[in-house]
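# I'd like to go over a predicted model; first the sequence, then the structure.
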Protein chains: 2
Amino acid sequence: MEQLKLYDTTLRDGMGGRGMSLSVGEKLNVVRALDALGVHFVEAGFPSSNPKEAELFERLAELELEQATIAAFGMTRRRDREAADDEALAVLVTSFAPVVCLVGKSWVLHLEKVIRVSREENLAMIADSIGFCREQGKRPVFDAEHFFDGYRDDPSYALECVRAAAESGAENVTLCDTNGGSLPQYVGEVSAAVVAAVGDGVQIGIHTHNDAECAVANSLAAVDAGARLVQGCVNGYGERCGNANLASILPALQLKMGFDVVSAEQLANLTPTAHYLDEVCNLASDPDRAYVGRNAFAHKAGMHAAGVAADASTFEHLDPTLVGNDREILASELSGKATISAQAEQAGLELDDAAAARAIGKLKEREHQGYHYEAAPASFELLLRQEAGIYKPLFKLESYRVVTERRAGGRVETEATIKVEVDGERYLRVAEGNGPVNALDRALRGAIADRYPHLAEIELTNYKVRILDEAHGTGAVTRVLLDSADGTREWGTIGVSENIIEASWQALVDSLEYAFQ
Amino acid sequence: MEQLKLYDTTLRDGMGGRGMSLSVGEKLNVVRALDALGVHFVEAGFPSSNPKEAELFERLAELELEQATIAAFGMTRRRDREAADDEALAVLVTSFAPVVCLVGKSWVLHLEKVIRVSREENLAMIADSIGFCREQGKRPVFDAEHFFDGYRDDPSYALECVRAAAESGAENVTLCDTNGGSLPQYVGEVSAAVVAAVGDGVQIGIHTHNDAECAVANSLAAVDAGARLVQGCVNGYGERCGNANLASILPALQLKMGFDVVSAEQLANLTPTAHYLDEVCNLASDPDRAYVGRNAFAHKAGMHAAGVAADASTFEHLDPTLVGNDREILASELSGKATISAQAEQAGLELDDAAAARAIGKLKEREHQGYHYEAAPASFELLLRQEAGIYKPLFKLESYRVVTERRAGGRVETEATIKVEVDGERYLRVAEGNGPVNALDRALRGAIADRYPHLAEIELTNYKVRILDEAHGTGAVTRVLLDSADGTREWGTIGVSENIIEASWQALVDSLEYAFQ
């Protein structure tokens, strides 16, 4: 199989995403995770005078990596000076990083409107800078910024820029769709033209952005046309709509296009790596993400579930375990006994026929009341545990009271009181909160914290409420969905009641109990 | 320019997304929004015996739409029976919907493993069912399920299925990448082969899923190959990784590929429509989404901003106003002074320049706090009225208190106390409710009912809550959206606060005040 290299720019271009901010230690964790996944190049940023970046490069120099090569990023020399006199290039070539990536212009519009440099001087800036890095013992990569826009306006000048980099010693020239608006057919055609023109002398790379929701397809189109290095970010981090998502590109290249990119073991680490990186970046993992999302291999009950049971390829584009993901069968009103049993098995529960039948009965009754277990698999698992006879309640509730008051001065205060029993012992607790659910959560945790210290690690990450006006026979009810996480797992629970406070309470109790099953 | 049709399946395939659940009223709102955007076909679901679906189709039949045609969805007849004797087909053809979309098999693996039907019988099922719908005066669309997988295994049989539909009267045959794993180059090649084989006799459509993060590119590849109808969902709702996102496909077709799809005015409504649909579905709008995301045209300071000032095309793939988005960090359809004035005029208000400027300032401040006026036009009108100096508060609040208590016996009770002033007179009232918002609503109405008898006609019809964890600088806040009606009008209001009770209170007060302006 043909070789192809991945080049992750999370720590440089990915950091342009809104709210992205990582400490040096977190950046090192990102590098380790990318290395373990089998990413070939990790762009670490600008090795500049900034003390944080300097510290990062010092610590990177000492890091032992399996296979990843660290790339330092910079730009072509400033105009009208020697490359050897350019301070930024001097920092780059003295960095330990074996690969140096230099970004430069290839779009005439930018020469005219942005940097005001002549065509000739721009070509000299590219050639001098790449040549200087090569002389200094570096492996230079040239990022041709705005290449696809430049090629549209003036294909021969855009090609001259690529040629200037290739002829002065670039190991790779990467064509960048910097504004992200190109479509795959165009990216494929232009990439093929560049490979035909200069592909004998230099490896071609591709760097795309997702502004047209085509970053993955654009990368694949360039590979089809002969590009052999793909720049992007696992999870598609980055400014605006993000960089190309390597977590979607890698499995397509390896499982669908026949390239040899990483080992099968590394590929099977894709889903945990993607979730781990989200965790490091403090971002919620999109459950609908291709290949690695929690929903990516979730099947509705009924015909889908039956088909998957007969032959998974009927309803799955690939085996989820190849990318480290799991198949999930969604609970729903329509579930049959087979689906319930499959669910139970996945949760490590043994459910006999009678218990499965009881679980179906309870499921139907609950869904009629307005429960919606597809969105709350943890609550569903608790229901199965009850029917399997292995459910352990955390505590016994005696009563709670929540008071929210807006005082005469406009100040809003909330307080919750709770009375519970654990192993025959009674606990009373009061707590304040920024809202009723928060106050209840604090009071409950306060009451049982001594018994369950792991509670401190559980965080409520999302909370949604809907009023169901459908006629379920019981009038309007409130449905609360709660997402929780403890650093390693994420789970969803549900509560349904006429009263939003009581519905929230149910979802909250399920959330905490699930963590202890 | 060549014509191309959009076919939105939010209300059918989109409802497979985890947690998607819409009332009949919300579904009608989705249809109205899609119609206003210029979507040509809106698939509304199965017009089945289910009373909720029956009600939807009844109300759809009465709905006045600008241009959208409603499609009803079903499947080819059951095996070994006449199409005329198939109960599901009978329901379809008696529905008012002019277009009937029938899904059927085209993958031999599914015939063998899932439905256990012979190749011949499957062809007969397609031909009979399409022919029957045509005879009954419907415009049939055939959705060839798993077409791209089927074509890979047995191209001639897959084509026979398409031909069977075309020859028996299908207006369109849509090729479905049901499992979502195909890549654009393959989709383009296969689509071209189908267009070459049967494209003279029938229009070809495309229906893709995002399991390889290529749904948009796959749709565009099929269009490049000659498909002239694109199925998908605005915002890409749907099970697993979602359906093809029409909000990304539409601008690519119209602005980048030269098709005539909707009017320029309709296209400029894309961003607000996408955000509105997310609100109806109670989903957070992804800020990084292509074209319509809050970050999609956000620029970093420095060179980018300077470049944009010199010539926006240097750093933007298209003018954001063409898709109703905004270059500002804070994306809002309302942020221009002209738009504000137009809104005011629409509400019958006169707003001078200074008042319009103040309104913009307040709007930006509020949106920064988490308000989202697109989904709450009544609250926005109140804001404009305040700036126009013609806002009349119903009452002056002194304080409120809400207590929710779960007693030792398990009974849940809620009580609200309120102290307000109307025209210098003080009113105290206590009321019970089935939840805190209901209790507050009753207490408030009780307190001011004598002054405002029309209050009795106002009904709260919907209530939605979401926690916003986006970094607004103020930490997590709760956003409440409230829909109200008084028999002749319907209106939406909003409240935002750390505290769900206070946020609900704001939305409630806006709701009642709006009714009296």
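Yes, it's here. All values derive from a computational prediction rather than experimental measurement. Numbers count the residues shown, from 1 in each chain, chains lettered A, B, ... in the order given.
# what's the neighbour count on A:Asp80?
Residues lying near A:Asp80 (other Cβ atoms under 10 Å in any protein chain shown) number 9. From N, CA and C alone the C-beta is placed, and that goes for glycine too.
# helix or strand next in line after the host helix or strand of A:Val496, which one?
Following DSSP states H and E, one finds A:Val496 within strand A:490-497. Scanning forward in sequence from strand A:490-497 by DSSP H and E, the next helix or strand is helix A:500-516.
# is any part of that next one close to chain B?
Yes: applying Cβ under 8 Å from any Cβ of the partner chain, one finds helix A:500-516 touching chain B at A:Ile500, A:Ile501, A:Glu502, A:Trp505.
# burial of the nearest residue to the third one once chain neighbours are set aside, as a residue count?
What it means is A:Glu502. Using Cβ to Cβ, 6 or more residues apart in numbering or on different chains and skipping residues adjacent in sequence, the residue nearest A:Glu502 is B:Val412, 4.8 Å away. By the measure other Cβ under 10 Å, the count of residues near B:Val412 is 18.
# same check, this time on the one 4 residues further on
Burial of B:Ala416 is recorded as 27 neighbouring residues (other Cβ under 10 Å).
# which pLDDT value goes with A:Glu398?
pLDDT recorded at A:Glu398 is 94.
# how about the strand or helix carrying it as CSV, C-alpha atoms only?
Remark: A:Glu398 resides in strand A:396-406, with elements defined by DSSP H and E. Provided in CSV are the C-alpha atoms of strand A:396-406 (Å, rounded to 0.1, in the frame of the first residue of the first chain):
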residue,chain,number,x,y,z
LYS,A,396,-33.4,7.0,50.5
LEU,A,397,-35.1,10.4,50.1
GLU,A,398,-37.3,11.7,52.9
SER,A,399,-38.0,15.1,51.5
TYR,A,400,-36.6,18.2,49.8
ARG,A,401,-37.6,21.8,49.6
VAL,A,402,-36.3,24.5,47.2
VAL,A,403,-37.0,28.2,47.7
THR,A,404,-36.2,30.8,45.0
GLU,A,405,-36.7,34.4,46.1
ARG,A,406,-36.4,37.7,44.3
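# where's the residue nearest to A:Glu502 relative to A:Arg406, distance?
Applying Cβ to Cβ, to the nearest Å, the value for B:Val412 to A:Arg406 is 22 Å.
# backbone phi and psi for A:Lys52, please?
Dihedral angles of A:Lys52 (phi, psi; degrees, to the nearest 10) stand at phi -70, psi -40.
# how far does stretch A:118-128 sit from the chain's center?
Its chain's C-alpha centre and that of stretch A:118-128 lie 38 Å apart, by Cα atoms, centre = their mean, to the nearest Å.
# which outside residues touch it?
Residues outside stretch A:118-128 that contact it (Cβ atoms under 8 Å, 6 or more residues apart in numbering or on different chains): A:76-80, A:82-83, A:102, A:104-105, A:108, A:111, A:115, A:117, A:142, A:157, A:160-161, A:164-165, A:167-168.
# and those residues, which are buried?
By neighbour count, with 16 or more other Cβ atoms under 10 Å in any protein chain shown, the contacts of stretch A:118-128 hold A:76-78, A:83, A:102, A:104-105, A:108, A:111, A:115, A:117, A:142, A:157, A:160-161, A:164-165, A:168 as buried.
# just those residues: which are in strands?
Judged by DSSP state E, those include A:Leu102, A:Gly104, A:Lys105, A:Phe142 as members of strands.
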